[in-house]
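Enquirer: here's my sequence, what's the structure:
(chains A and B)
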Amino acid sequence: MKLRQRIALVTLAATAPMVGGLVWLDVRAQQTAAEAELAELVIARTELAGERERCIANGQSWDEAPRLRRRDRDAAGPPGLPPSAANDGRRAQPLPRPAGPHRAPARFFVYDATLQPRTQGAPAIEAEAARDPATLISRSSIWHGDWVEVLVRTPWPETPCAFVLARGTTEPWLGALLPPTRIWALPALVVFATVLLSIGPVVGRLRKLTAAVQRTAAVGYEQPLAASAAPVAGWGDDEIAELAGAFDSAGEKVRALLAQKDQRERALRDFVADTTHDVAIPLTVLQGHLTTLREGIAAGAPIDRGALASAMDEAHYIGALLHNLGAAAKLDAQEFVPSDSEVELGALVTRVVGRHRPVALQHDVSIEAAIPEEVVITRGDVTLLEQAVSNVVYNAVRHNRPQGHVAVVLMVGVSESVNEQEYEYAHENEYVHARAHVHAHEGRKAQRRFVVRVLDDGPGVAPELLSRLAERGFRSAQARSRSPEGHGLGLHITQRVVDAHGMQLRFSTPEGGGLQVEIEGACS
Amino acid sequence: MPKNDRAMQAHILIVEDDPQLGAQVEKRLRDAGYATTWWREGVRPMKESWPAVELVVLDLMLPGTYGMDMLKQLRTFSEVPVLVLSARTDASDKVRALSLGADDYLTKPFWPEELVERVRARLRRPTLVRAGTTLDVGELALDLENHSTSFRGKLVELTRVEFEILVALARRPGAAVTRAHLVESALDSDRGGGARTLDAHVSRIRKKLGDESLVETVWGIGYRLVDRAK
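Expert: Model prediction:
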């Protein structure tokens, strides 16, 4: 149901009973007045001298009510009073008509004490009515049309003239309603009209607002409401304008959410595309090596160790690449926060070394790990940290030569020791750590820190380039090269992971050549 | 490669739905000397029907009963070591697996040697016998109370420092121990006992034992006491 109809019905429902009630009151009042008039007439007549005998003698006497001629009526004076007391003794004058616009003359019927009628044509009255001790017994009802009836006890209860039923009329029924209706209906109608008129503009504005919202939704909330709902907003700051404002902010939020989703979708598509591309190349190369091997075997030649080693390298590279791409995607995510769980570094180092050992052995590079007896814990994202360390170890194994060495050492110390800048010689460095460890026993309060050191005796890196090692695509010339020697992504990921965890990454050249990479952080 | 007797008898349960990967894992473990059972799908482990195995290799990405659920259910009645295989790069998956009772995890892709090495590590029992005051590693016996050393049954005269070095190495047989740790454990804390001195001590130990290969030099780290029992 529409708003206007609803309001009309409500107004109607509210005013109609009121009007009906007032009309009823009015009609009742009129009836009561008419009854009172009639009763007065009856009582006045009973007070006439000799009326009692006349009544007993002739029950019909009361009902004779010839029409008064106009001039007699005018001369009748105030109603209820006999025209003149001088008429006493003569035949009783007919009762004057009650005042008021009555249609028909009043009629009077006489009853005895048991309510048996004495007048011709008297309506029957049930005997129980006599029980009412009142002198005036109203017998009119709003449903009996336009006449009123009142039963009057005469002062002669034991006589055949005990009761007189007076019947008169008020306005015809419709007329009974009409005057009060005229009075009350008019204000009610005015109220009605006013309500409808005032609700009109409100409903109109709501319709406009609805249309505006639908239009905005149709274009995916691209436009704010204001652009298409000026008439709505133009009415100032009432509730409807507030509603329009609320829709606007909701629309804004939807826009922001959609933009966010769009961005995520794009990032995901980019990632998938990049991954596919980055993996496709080494995979192709791997297939190439396998084909070489197959052809060699088919030709009866001994297994081409070089091709086999290359195939393994390529496969290893693909694995590392996948993990690095995953790590990069994680780091690039908008709301990236490194997960905060316990990371057991000893187990991490063991896993990483185990991961690279097969390839290291393939290249005749020895790889060893040293972890302390105590459990070393830090907090962070175990997958990212593992990838960070793995990338460093991968490089150490790859940038090496046969009979070379890689050592991965997990150390625990206190802050001073790890900040020492003496990197002259691996052995001396160990001593510095040992010394600091001893000092720790002396009760110096400093934060416990760990270092993961990856050491190799490969060709190393020129000192001036050390600081650039972690730049993205540093080995840019070979970044997308077919050789898995460097894709420039690994150390960059390591740097980002280290930064995200609040740790430090250091590169140095140990005496004896090669490269030393250290990741340092706080124990938890 | 000499194998631990126990490892030869060890029975490993493989739970892996991928046919190729499962076949490879099974072959590898069998070649390494283990007995294997291969379940191709996850089942709800029940105490009554659980096989007698020494280790479980469980792939988390299983159809049917999800790997984690299987692990959780298993841990209600068994402490058997579980090595999970996971393809997810998410850290939370691994953390969850470990918290549910997995002992170790391997992320795919992995080399078969990695798997075998991890399985061995899980099944290995420490050969160190911390029986009160003696350390026995293969043919080497160290009496911590009397500070005496015997190798291949013969008594060996070692200085206090040399003894402490051997003890530090013998506490973790087969593991590489850093020079720093050895210096801290065995040498005097004054400046005189440095890393170079350590090398000299080890050199003397080797001579006294008459076996150059028992104490192995580990490049970039320090030394290792070779555990011949492995």
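
Enquirer: tell me the pLDDT at residue 81?
Expert: Going with chain A. Note on residue A:81: pLDDT of 46.

Enquirer: meant chain B, my bad for not saying
Expert: Model confidence at residue B:81 (pLDDT) stands at 93.

Enquirer: distance of it relative to residue A:141?
Expert: Applying Cβ to Cβ, to the nearest Å, the value for residue B:81 to residue A:141 is 101 Å. (Each C-beta comes from the backbone N, C-alpha and C, glycine too.)

Enquirer: of those two, who's got more company?
Expert: residue B:81 (19 against 12; other Cβ atoms under 10 Å in any protein chain shown).

Enquirer: contacting residues for that one?
Expert: Residue B:81 sits next to B:54-56, B:103-104, B:122-123 when contact means Cβ atoms under 8 Å, 6 or more residues apart in numbering or on different chains.

Enquirer: any stretches of the chain with poor pLDDT?
Expert: Because you didn't say which chain, this covers chain A. Counting by pLDDT under 70, the ranges of chain A that qualify are A:1, A:59, A:64-104, A:142-146, A:170-183, A:221-236, A:334-335, A:415-446, A:472-488.

Enquirer: chain B was what I was after
Expert: For chain B (pLDDT under 70), the answer is B:1-8, B:64-65, B:89, B:125-131, B:188-193, B:229-230.

Enquirer: can you pull out the strands in it?
Expert: B:11-15, B:35-39, B:55-59, B:82-86, B:104-107, B:134-137, B:140-143, B:148-151, B:154-156, B:176-178, B:215-218, B:222-225 (DSSP state E).

Enquirer: helices and strands around the fifth one, which ones?
Expert: Applying 3 or more Cβ pairs under 8 Å, 6 or more residues apart in numbering or on different chains; DSSP states H and E, one finds that strand B:104-107 makes contact with strand B:82-86, helix B:91-99, helix B:112-123.

Enquirer: now do the contacts for the residue of chain B found nearest chain A.
Expert: The nearest approach of chain B to chain A comes at residue B:220, 2.7 Å away (Cβ to the nearest Cβ). When contacts are counted by Cβ under 8 Å, 6+ apart, residue B:220 touches A:368, A:405-407, A:409, A:426, A:455-457.

Enquirer: picking up where we left off before, if you rank the contacts of residue B:81 by neighbours, which is first?
Expert: residue B:56 (26 neighbours).

Enquirer: list the beta-bridge partners for that residue.
Expert: residue B:13, residue B:82 (DSSP bridges).

Enquirer: re the thing from before, could I get the strands of chain B as TSV with distance to residue A:318?
Expert: Below are the strands of chain B laid out as TSV (distance: least, Cβ to Cβ, whole Å):
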stretch	distance to residue A:318
strand B:11-15	24
strand B:35-39	27
strand B:55-59	20
strand B:82-86	18
strand B:104-107	14
strand B:134-137	41
strand B:140-143	45
strand B:148-151	48
strand B:154-156	52
strand B:176-178	30
strand B:215-218	31
strand B:222-225	33
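
Enquirer: among those, which is nearest residue A:352?
Expert: Nearest of those to residue A:352, taken as Cβ to Cβ: strand B:104-107 at 10.9 Å.

Enquirer: partners of the closest one in the sheet?
Expert: In the sheet, strand B:104-107 lines up with strand B:82-86 (parallel) (DSSP bridges).

Enquirer: quick one: the strand it pairs with to helix B:112-123, angle?
Expert: 150 degrees (axes from the mean of the first three to the mean of the last three Cα atoms, to 10 degrees).

Enquirer: just the angle for strand B:82-86 relative to strand B:11-15, thanks.
Expert: Per the same axes, to 10 degrees, the angle that strand B:82-86 makes with strand B:11-15 is 30 degrees.

Enquirer: can you tell me, leaving aside adjacent residues, what's nearest to residue 168?
Expert: Picking chain A for this. residue A:106 (4.1 Å; Cβ to Cβ, 6 or more residues apart in numbering or on different chains).

Enquirer: hmm, I had chain B in mind actually
Expert: Nearest to residue B:168 is residue B:185, by Cβ to Cβ, 6+ apart, at 4.2 Å.

Enquirer: wait, the one you found touches residue B:170, no?
Expert: No - Residue B:185 is not in contact with residue B:170 according to Cβ atoms under 8 Å; the separation is 11.3 Å.

Enquirer: of those two, which one has the most company?
Expert: For residue B:185 versus residue B:170, neighbours defined as other Cβ under 10 Å are more numerous around residue B:170 (20 against 15).

Enquirer: max-length helix in chain B?
Expert: Determined from DSSP state H, the single longest helix within chain B is helix B:195-209.

Enquirer: can you list the buried residues in that helix?
Expert: B:195, B:198, B:201-202, B:205-206, B:209 (16 or more other Cβ atoms under 10 Å in any protein chain shown).

Enquirer: ok, stretch A:341-349 next?
Expert: A:341, A:343, A:345-349.

Enquirer: which of these fall in strands?
Expert: The members of the buried residues of stretch A:341-349 that map onto strands under DSSP E are A:341, A:343.

Enquirer: ok, which of the buried residues of stretch A:341-349 also contact chain B?
Expert: Applying Cβ under 8 Å from any Cβ of the partner chain to the buried residues of stretch A:341-349, one finds that A:341, A:347 fall near chain B.

Enquirer: okay, the buried residues of stretch A:341-349 in CSV with distance to residue A:308 next?
Expert: Shown next, in CSV, are the buried residues of stretch A:341-349 (distance: Cβ to Cβ, whole Å):
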residue, distance to residue A:308
A:341, 39
A:343, 35
A:345, 34
A:346, 33
A:347, 31
A:348, 30
A:349, 28
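
Enquirer: looking at the helices and strands packed on strand B:104-107, which is buried most?
Expert: Most buried of the helices and strands packed on strand B:104-107 by mean neighbour count (mean count of other Cβ atoms under 10 Å in any protein chain shown) is strand B:82-86; its value is a mean of 23.

Enquirer: and the contacts of it?
Expert: B:16, B:55-61, B:67, B:71, B:74, B:93-94, B:97, B:101-108, B:110, B:115, B:118-119, B:122.

Enquirer: and it with helix B:91-99, angle?
Expert: Using the same axes, to 10 degrees: strand B:82-86 against helix B:91-99 is 170 degrees.

Enquirer: could you dump strand B:82-86 to PDB, C-alpha only?
Expert: Only the C-alpha atoms of strand B:82-86 are listed here, as PDB (Å, rounded to 0.1, in the frame of the first residue of the first chain):
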ATOM      1  CA  VAL B  82      54.800 -37.800  11.600                       C
ATOM      2  CA  LEU B  83      56.500 -36.000   8.700                       C
ATOM      3  CA  VAL B  84      54.000 -33.900   6.800                       C
ATOM      4  CA  LEU B  85      54.300 -33.000   3.100                       C
ATOM      5  CA  SER B  86      52.800 -29.700   2.200                       C
END
